[in-house]
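A.B. asks: My questions concern the predicted model and sequence given below.
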Amino acid sequence: MGNAPNPPPDGFPSPPRPQSRRYGEGETRPVKRTRESLFGWDIEEEHGSSYNEPSYEEWKLETMKTGLEDVPLNFSNPLCILSDDNEIIHVVVGKDATQWAIHRKLLCSQSNFFKTAIDSPFREGTENKVVLSEGQNDVFSLFVQWLYSGSFVTNSLPLLLQAYVLGDKLGSPGFQTLAFDKIYAFNISSCHLTAEQAVWASENTLPDSTLRRFTMDTMAFGLLNGSLNPSHEDWELLAPIQLDILRSVQSVAKKQEHNTWKQKPRLHYNKAI
């Protein structure tokens, strides 16, 4: 006979037996409470009774089902707007006259500019064709990508700035907001805006626009934390907006704690796009 393990001393319970449980599997545990479980199943408190605890995947699936019961289909799937939409709008962009074929319902639902132009008695409405002669195809391609996917991908800060301005021209606040979110993330820890970009943003936006306010704050933020070191030529380029930058220096400096030099939070710019 082998050596049997000594029983634990009185007052010292045996350690629990480890139970192997793979990710995604449920688990059987003793019930020690009386209330409805996560899914509304009744659980009775009885000594020795047990229940099958749902796995994470089961819980997530049930949560999604519960949350989507009352959600309209066109909300959960934005592309449902394309149902029975056989009408195509041709958009001609830039000097190269690049043509885009876009579903009418989708285009008009996301752009007040296109909706007004296409629903009008003018040429755009009768020909189902809109010409953006001053537009840039690489920027407009981001708008088309956003229309059909709800997002777009680019690592170019100049393109993001132009996307923001395009969203303003097209009357598309959703596209404009996404562009600004990416611009903000680009400059969250340090200033990556150049003098040329700051002046361009000022010249192509209204005085109270979100992008202009953020541009001035970011230039001020860069000057304060040392991530922006303008050259003599840069200061000359910044001459038209130097006063606005100085005002932002005062505003940004007031919000700092212990000289940490943090960028203003994203919610600070939620007042208006």
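C.D. replies: Everything's here; your move.
A.B. asks: and the host helix or strand of residue 90, which residues are buried?
C.D. replies: Assessed by DSSP states H and E, residue 90 sits inside strand 88-93. The neighbour-count check on strand 88-93 (16 or more other C-beta atoms under 10 Å) flags 89, 91, 93 as buried. Using the backbone N, CA and C atoms, a C-beta is placed for each residue, glycine as well.
A.B. asks: go on, stretch 99-111?
C.D. replies: Across stretch 99-111, burial judged by 16+ other C-beta under 10 Å covers 100, 102, 103, 104, 105, 106, 107, 108, 110, 111.
A.B. asks: Quick check: the first one is in a strand.
C.D. replies: Translated: residue 100. Yes - using DSSP: H, G, I helix; E, B strand; the rest coil, the assignment for residue 100 is a strand.
A.B. asks: what bits of this protein have low per-residue confidence?
C.D. replies: Scanning the chain for pLDDT under 70 picks out the ranges 1-85, 256-260, 271-273.
A.B. asks: One more pass at 90, please.
C.D. replies: 1-87, 120-122, 124-126, 135, 188-190, 207-208, 221, 224-227, 250-273 (pLDDT under 90).
A.B. asks: what ranges do the helices span in it?
C.D. replies: Secondary structure of the chain (DSSP state H): helices at 56-68, 73-76, 104-110, 112-118, 123-127, 137-149, 157-170, 173-186, 195-203, 210-225, 232-237, 242-254.
A.B. asks: Paired strands for the strand holding residue 90, with orientation please.
C.D. replies: Applying DSSP bridges, strand 88-93 is found paired with strand 98-103 (antiparallel), strand 129-132 (parallel).
A.B. asks: Need those strands in TSV (columns: distance to residue 225).
C.D. replies: Below are those laid out as TSV (distance: least, C-beta to C-beta, whole Å):
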stretch	distance to residue 225
strand 98-103	41
strand 129-132	39
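A.B. asks: Tell me which of the ones you listed lies nearest to residue 146.
C.D. replies: Closest of these to residue 146 is strand 98-103, at 11.7 Å (criterion: C-beta to C-beta).
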